[in-house]
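**Q** any chance you could fold what I've pasted below:
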Amino acid sequence: AGLCDAALGTDTLGSIRIPAAYNGVYGLKPTHGAVSTDGLVFLGRAYDTIGPLARDLDTLERVWRVIGTDAGPGAPFARVVTLDDLAGVAVQPAVGAAYARALEALDLPRTGFALSATPTALRLPALAEIARELIADLGEDRTACADRISPELTFILGALEGVPTNPQLLGDTRAALRNALGADGVMILPTTPQAAFPFGGTPPATQADFTGLANIAGLPALAVPAGLDQDRLPVGVQLMGPAGSETRLIALARTLEPIMGGHTPPPARE
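**A** Modelled structure (predicted):
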């Protein structure tokens, strides 16, 4: 909306990159631990990261240099890593077209990567871990102050309370993603499987299918605006790199911007 130059968000399984994609702006989820979390009210300590959102890469990078630490420019990425068959996640046509356009724009060797479980099967044990942590943090307030906890959060905590955690699966996925990227690989994904949904609508159940992978792996990921769908609602793609590669991800996004289009201001309304 042009109300500010930049904003800070917190990302547990995608809550910087998902709104960035839906609003047609850039959003950087840094490497886990690269930004101080002093003062943050945690949702999940193993996942939460603070990062910037901005309409342009210059502003995003300026904010990143103030709040974060990374490994510096480093060597350019030498490989593109793709998720085999997008792990079976159905994407809307405009999202698929944007993803294909981003892949075509990068003239780099490609290697494939297969997840050992579906994104939903990975996200549920992560959510169960987060729910258990939040329940512990709430303590007696969960009951004593129940009227001050939103019905949505109450429902989510109740639904996840009995879902099993799976540290082995999440740990193996973290190691596999880090190994696939190595020091010189970048993974390109859609940010969300769908374009922005109408205001007041129900958030899509699969909206964090692609973003949650970077949180599980503790790796940096950058949401990049990638145009509009047939209803002129934003779509996005996502770049995920090795730990400490934030500056390299921003540099790569600069090469993509002329092809992907960058931020498109929303239409003026009377």
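**Q** which regions of this protein sit below the pLDDT cut-off?
**A** In the predicted model of the chain, residues 269-270 satisfy pLDDT under 70.
**Q** name the helices or strands packed onto the helix ranked longest in it?
**A** Of all the segments assigned as helix in the chain under DSSP state H, the longest by residue count is helix 119-138. Helices and strands touching helix 119-138, by 3 or more C-beta pairs under 8 Å, 6 or more residues apart in numbering; DSSP states H and E, are helix 151-160, helix 167-181, helix 212-217. For glycine as for every other residue, the C-beta is placed from the backbone atoms N, C-alpha and C.
**Q** swap the cut-off to 6 Å and go again
**A** For helix 119-138, the helices and strands in contact under the criterion 3 or more C-beta pairs under 6 Å, 6 or more residues apart in numbering; DSSP states H and E are helix 151-160.
**Q** in the helix it packs on, what's buried?
**A** Using 16 or more other C-beta atoms under 10 Å as the test for burial, helix 151-160 gives L157, L160.
**Q** and the strands in the stretch 1-150 of the chain?
**A** Along the stretch 1-150 of the chain, the stretches classed as strands by DSSP state E, counting those that start in this stretch are 6-11, 26-29, 49-54, 79-83, 110-113.
**Q** circling back: centre of the chain to the longest helix of the chain, how far?
**A** A distance of 17 Å separates the centroid of the chain from that of helix 119-138, by C-alpha atoms, centre = their mean, to the nearest Å.
**Q** now stretch 64-73
**A** Taking C-alpha atoms, centre = their mean, one finds stretch 64-73 lying 18 Å from the centre of the chain it belongs to.
**Q** residues in contact with that stretch?
**A** Here stretch 64-73 makes contact (C-beta atoms under 6 Å, 6 or more residues apart in numbering) with P30, A34, V35, P52, G244, E246, T247.
**Q** nearest to D229, of those?
**A** Proximity of these to D229 was ranked by C-beta to C-beta; the top entry is P52 with 25.4 Å.
**Q** sorry, back to before: compare the strands of the stretch 1-150 of the chain and give me the one nearest F197.
**A** Taking C-beta to C-beta as the criterion, F197 comes closest to strand 26-29 out of those, the separation being 17.1 Å.
**Q** what pairs with that closest one, and is each one parallel or antiparallel?
**A** strand 49-54 (antiparallel), strand 221-228 (antiparallel) (DSSP bridges).
**Q** would you mind putting the strands of the stretch 1-150 of the chain into TSV with distance to L160 and mean neighbour count alongside?
**A** Formatted as TSV, the entries for those read as follows, by distance: least, C-beta to C-beta, whole Å; neighbours: other C-beta atoms under 10 Å:
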stretch	distance to L160	mean neighbour count
strand 6-11	19	18
strand 26-29	22	31
strand 49-54	21	24
strand 79-83	25	19
strand 110-113	28	13
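**Q** what would the ones you listed look like in a markdown table with distance to R101?
**A** As requested, those are exported to a markdown table (distance: least, C-beta to C-beta, whole Å):
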| stretch | distance to R101 |
| --- | --- |
| strand 6-11 | 25 |
| strand 26-29 | 17 |
| strand 49-54 | 22 |
| strand 79-83 | 13 |
| strand 110-113 | 15 |
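**Q** for A136, which of the ones you listed is the nearest?
**A** Comparing those by C-beta to C-beta, strand 6-11 comes nearest, at 18.8 Å.
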